[in-house]
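S.K.: Show me the folded form of this:
(2 chains)
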Amino acid sequence: MEANNCVLEMKHISKSFPGVKALDDVSLTIRPGTVHALMGENGAGKSTLMKCAFGLYQPDDGEIRIQGNSVTLPTPKAAMVAGISMIHQELNPIMTRNVMENIWVGRIPYRNVAGVHWVDDKKMYQDTRNLFQDLGITIDPRERVSSLSVSHCQLLEIARAVSYGAKVIIMDEPTSSLTESESELLFGIIRKLTMQGVAIIYISHKIEEVLDITDEVTVLRDGRLVGTWPTKELDMDSIVSKMVGREMTNRFPRPEHTMGDVYLEVSHLTSALPHSFSDISFTLRKGEILGIGGLVGAQRTELMESIFGLRPIASGTIRIDGKEVNIKNPREAIRHKIALLTEERRVTGIIPMLSVGENIVLANQTANRKKYTGGGPFLNYGARNEDAQKYVDSLSIKTPGLKAQIQYLSGGNQQKALLGRWMLLGPDILIMDEPTRGIDVGAKYEIYCLMEEMVQRGKCVIMISSEMPELMGMSDRVMVMCEGHLSGILNRDEVTDERIMYLASTYENTERSNEDAKENI
Amino acid sequence: MQKKTFRPKDFMMNYALYLIMLLIVIIIACISPKFISLRVIRDILTQSSTKMLVALGCMFIIVSGSADLSGGRVVGLAAVVSGSLAQQAAYANKFWPNMGELPVIVPILASVLVGLLVGACNGYAVAKLKVPAFLATLGMQMIAYGVNCLYFNKAPNNSQPLGGYKESFGNLGTGSLAGIPILVMIALALCAVVWIIQTRTCLGREIFAVGGNPNAARVSGINVFKILMITYMIAGALYGFAGCLEAARTGSATSSYGLSYELDAIASCIVGGCSASGGIGSVPGVIAGVLIFNVINYGLTFIGLSSYWQFVVKGLIIIIAVAIDVRKYAAKN
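M.R.: Purely as a prediction, here's the structure:
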């Protein structure tokens, strides 16, 4: 490949951190006007490589060339001037300011009157309008950022990158918090950008997406380059096997389930909060996995958090094993052997600065105090460590040790540790809210296996998921919600993408789909 | 899994605090060699003892992710209350003229009770009424001071400094056993107790969890309200007891006792490695933090430097300690 034919070349990049070789002789070539996927499990070195390209890290070894010229990028600012921008996984716009100020921050257009720089609002507005028009973005430049949705914030970041004249835009898991239609919008803009000759480096765990929109795929594993291929030569299975380094014949472990009696019965549950869910009824059998589908705003998380006692309920009943229960807080839910793996791992899951072991035993230590104190005042560290180690081993959590702070583990391993926290309680009902979001294929598979193990033992699993293949692959039934209403429950043999999407976007049809659902049960 | 190699820079980072303390001691000893003596060490430890208790209380609060500005004024209130109950029958200016001599346990319990009460109010305001801790405890600080002044100004005392304590009460602060001051022994014993609570009990671990991420703690079934209440009450009890010892140590008490102790305590905790955002902190660190400030205090006076300089040096140490800490964590990321 001709050197001047590439916009960005990274050659033989190596980077070490104390004790870890994060990148080992990795090369990457990006051609203008293409979408280049960068794939690999968590910890494979994708982020490190991109941070080197964006000037956040300095490679120990190797060369970075931009349009054929060797460069050093000491800071992100230098990278942006050289034409490289990065859209981070977690966006942090200045919430209290408006859209256009966020785009031009640091270089706001001004008029010089009497030696004072006055902000030129008119020019800023016009520039923003032009920029948005080119990209087909329909956000009002004067809108407050705090009132924008996540996807719009992302578009704003992209527009900002373009306004810097970016030749390469790095997108780190851009669709992880977007709905399908929002993702479509993003893909449209990506296509527009590539037509203008901009190259996109696209980091994603969603293989379907990668197959759909990228031109080339580079796979990393354990800090080393596995290879680069044109996307059209690849399929789902070949990408997965390249990422994990072994053949993955089946993404979903799925033997037949033998279901027992109804264990959980929710009737006419209505939230006490405004604009939340109302009149939700469903049942769950022993040994069943119930998937819950819907778009963002469907109130799926709110429903599950209400069952778990985190949010107030106005009316309706919950029965467990035939007995009506009144759960007012998580402690009572735990007493009824319900576990909730929450959606926001960092917000309501991990205690970042505490150790992996501490995080694993946390819930059980509170619920079953005697197990670790033997009834006395003092904790028995031996018993705690034994329990924690059991789950580190059985869930193969990759950690330097029980004492390592959990915040330094990769997302997938944090998630597995949190699962360990709940499994240690021996729950009868395990509720999982987006259990595999943002984690790598290997960890996903292990989480599926664990769900399977639960139902084999006659326990119940509820899984909220926005990933269609997962929802269809794992669930016995899929309950679909739309804007706080139950829009239908589909049996395994009648689940299709289209049906789920249809139910997820139409709640006027509530009556009819409920009828359907009843017939099917 | 990771091979540990000795890195001088990491070593400096991890032990910066102790190195600074060592440096200061060496400088002071060079200027005035008499500084290295048993008597000086004894004095420093005795002076550190009451501050140690306040800092231990403060550490509970900081580890639980909260803040507490009421500590100093609780010390003052408890000092006056316990002092007023510990006077000799024969003393001329008795606070309660008609009261006989009480057993020494009474003023001690009274001071702890005062602390518990203020702590409970703090805890309720923060954990139930959801008043930001900074403001709730600022309010409590004023209330404690106001109540103290009202009590202290009661006739016939009319804001006269208290005195004439029973010998057994005074001994708490000035006596020693086998050459070791009783105060130092009390402080060490409480350090041990707190350390055990922190590391070996469910309560201790739950306080860390609540401080580290209250939302996650709640989801995991921890009663966050209860934990915060207990945290504030333990802290209050420690402040109260510190006030009692402060009265015993000085042989007096006025309503201005304990002024800005809470700030010293917070500074000691932060310098001793507690994270201001909660979830991190240990007793050895806090001991080091308290000692550093008292060594500086005593040392600078010892070499005849104006006490005003102490503020400058203390302030610098706080900023340096936190700056080093930030770098330590940034390096790990």
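S.K.: Report the contact partners of the residue nearest to the spatial centre of chain B.
M.R.: Central residue of chain B (Cα atoms, centre = their mean): residue B:54, 1.5 Å from the mean position. In this structure, residue B:54 makes contact with B:71-72, B:75, B:238-239, B:242, B:261-262, B:264-265, judged by Cβ atoms under 8 Å, 6 or more residues apart in numbering or on different chains. For glycine as for every other residue, the C-beta is placed from the backbone atoms N, C-alpha and C.
S.K.: which one of those is nearest residue A:289?
M.R.: Nearest to residue A:289 among these, counting by Cβ to Cβ, is residue B:238 at 50.9 Å.
S.K.: So which bits of chain B are right by chain A?
M.R.: B:1-3, B:7, B:196, B:200-202, B:205-206, B:208-209, B:212-213, B:215-223, B:275, B:279-280, B:332 (Cβ under 8 Å from any Cβ of the partner chain).
S.K.: Just those: which are in helices?
M.R.: Among those, the residues falling in helices (DSSP state H) are B:196, B:200, B:202, B:205-206, B:208-209, B:212, B:215-219, B:332.
S.K.: filter the residues you listed to the buried ones?
M.R.: Those of those that meet the buried threshold are B:200, B:202, B:205-206, B:208-209, B:212, B:215-219, by 16 or more other Cβ atoms under 10 Å in any protein chain shown.
S.K.: Would you check which pair of those residues lies furthest apart?
M.R.: For those, and using Cβ to Cβ, no pair is farther apart than B:200 and B:215, which are 25.9 Å apart.
S.K.: got a markdown table for the buried ones among the ones in helices among the residues of chain B next to chain A, with pLDDT too?
M.R.: A markdown table is the format used below for these (pLDDT from 0 to 100):
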| residue | pLDDT |
| --- | --- |
| B:200 | 90 |
| B:202 | 92 |
| B:205 | 93 |
| B:206 | 94 |
| B:208 | 95 |
| B:209 | 95 |
| B:212 | 93 |
| B:215 | 93 |
| B:216 | 94 |
| B:217 | 95 |
| B:218 | 93 |
| B:219 | 93 |
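S.K.: Just the closest of these to residue A:346, please.
M.R.: Sorting those by distance to residue A:346 puts residue B:216 at the head of the list, at 8.9 Å, by Cβ to Cβ.
S.K.: Shouldn't residue B:273 be within a strand?
M.R.: No. Assessed with DSSP: H, G, I helix; E, B strand; the rest coil, residue B:273 is coil; it does not lie in a strand.
S.K.: wait, doesn't it sit right on residue B:287?
M.R.: No. With contact defined as Cβ atoms under 8 Å, residue B:273 and residue B:287 do not form a contacting pair (10.9 Å).
S.K.: ok, of the buried ones among the ones in helices among the residues of chain B next to chain A, which one's closest to chain A?
M.R.: Closest approach between those and chain A, by Cβ to the nearest Cβ: residue B:212, at 3.6 Å.
S.K.: who's in contact with the closest one?
M.R.: Counting by Cβ under 8 Å, 6+ apart, residue B:212 touches A:351-354, B:65, B:278-280.
S.K.: Check residue A:73 too.
M.R.: A:52-55, A:64, A:79, A:82, A:84.
S.K.: So what's the residue count around residue 93?
M.R.: With no chain named, the answer covers chain A. By the measure other Cβ atoms under 10 Å in any protein chain shown, the count of residues near residue A:93 is 20.
S.K.: wrong chain, I was asking about chain B
M.R.: 14.
S.K.: Let's see the pLDDT reported for it.
M.R.: Residue B:93 is assigned 87 on the pLDDT scale.
S.K.: how near is it to chain A?
M.R.: 45 Å (Cβ to the nearest Cβ, to the nearest Å).
S.K.: which element is that residue on?
M.R.: Assigned by DSSP states H and E, residue B:93 belongs to no helix or strand.
S.K.: Which phi and psi values does the closest residue in space to it that isn't next to it in sequence adopt?
M.R.: Closest residue to residue B:93 apart from its sequence neighbours, by Cβ to Cβ, 6 or more residues apart in numbering or on different chains: residue B:160 at 6.2 Å. For residue B:160, the backbone dihedrals are phi -80, psi 140 (criterion: degrees, to the nearest 10).
S.K.: Assumed residue A:378 was part of a strand.
M.R.: No. Under three-state DSSP, residue A:378 sits outside any strand and is assigned coil.
S.K.: Just want the phi and psi numbers for it.
M.R.: With angles defined as degrees, to the nearest 10, residue A:378 sits at phi -100, psi 150.
S.K.: That one reaches residue B:196, doesn't it?
M.R.: Yes. Using Cβ under 8 Å, residue A:378 makes contact with residue B:196 at a distance of 7.5 Å.
S.K.: quick one, helices of the stretch 201-333 of chain B?
M.R.: Counting by DSSP state H, counting those that start in this stretch, the stretch 201-333 of chain B has helices at residues B:202-212, B:214-219, B:224-250, B:261-271, B:283-302, B:307-332.
S.K.: elements contacting the third one?
M.R.: Packing contacts for helix B:224-250, counted by 3 or more Cβ pairs under 8 Å, 6 or more residues apart in numbering or on different chains; DSSP states H and E, involve helix B:38-63, helix B:71-84, helix B:105-123, helix B:167-174, helix B:182-200, helix B:202-212, helix B:214-219.
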